[in-house]
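*Asks:* The sequence isn't on hand, but the structure is:
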């Protein structure tokens, strides 16, 4: 693999990223994620994250097929994350930003973590709305 995919996240994303080849095999892990994912280098991502293909896969496939970066907010394994998939000719760099995590230590911590996740998702939904185009079924033919 050339440095094209590895170099992509340095200018376009933050420090937490992995680089996947065309078979979703991990070929590089940034130092920030190395303690969590470094031992998976050389392995197919889906072999270690059961059910994640259904959650992460659509974002990865859209980036590959469109040739553009794709951002998605996903919930998997008790964590809310923002993924940014950056395609390159020889791989896919995936930036991972942890937004919130479920804390099941007590009922109180669980409640607070669910509130943080809800607020984060509400913020994402309202940010996507275009105030110039109010929703109306009358606009449809």
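*Replies:* Good, I have the coordinates. Not measured: the values here are computed from a predicted model.

*Asks:* Residues contacting stretch 69-88, please?
*Replies:* Residues outside stretch 69-88 that contact it (Cβ atoms under 8 Å, 6 or more residues apart in numbering): 4-5, 8-9, 12-13, 49, 51-52, 55-56, 58-60, 62-64, 66-68, 92-102, 104, 117, 120-121, 124. Where C-beta positions appear, they are placed from N, C-alpha and C, glycine not excepted.

*Asks:* May I see the buried residues of that stretch?
*Replies:* Of the residues in stretch 69-88, 69-70, 72-74, 80-81, 83-88 count as buried by neighbour count, 16 or more other Cβ atoms under 10 Å.

*Asks:* Go through these and say which is closest to residue 35.
*Replies:* Among those, residue 81 lies closest to residue 35 (Cβ to Cβ), at 16.9 Å.

*Asks:* How about the closest one: which residues does it bridge to?
*Replies:* Applying DSSP bridges to residue 81 yields these beta-bridge partners: residue 74, residue 98.

*Asks:* how near is residue 79 to residue 67?
*Replies:* Applying Cβ to Cβ, to the nearest Å, the value for residue 79 to residue 67 is 28 Å.

*Asks:* Can you classify the residue nearest to the spatial centre of the chain as helix, strand or coil?
*Replies:* Nearest to the mean C-alpha position of the chain, counting by Cα atoms, centre = their mean, stands residue 83 at 1.8 Å. When classified by DSSP: H, G, I helix; E, B strand; the rest coil, residue 83 comes out as strand.
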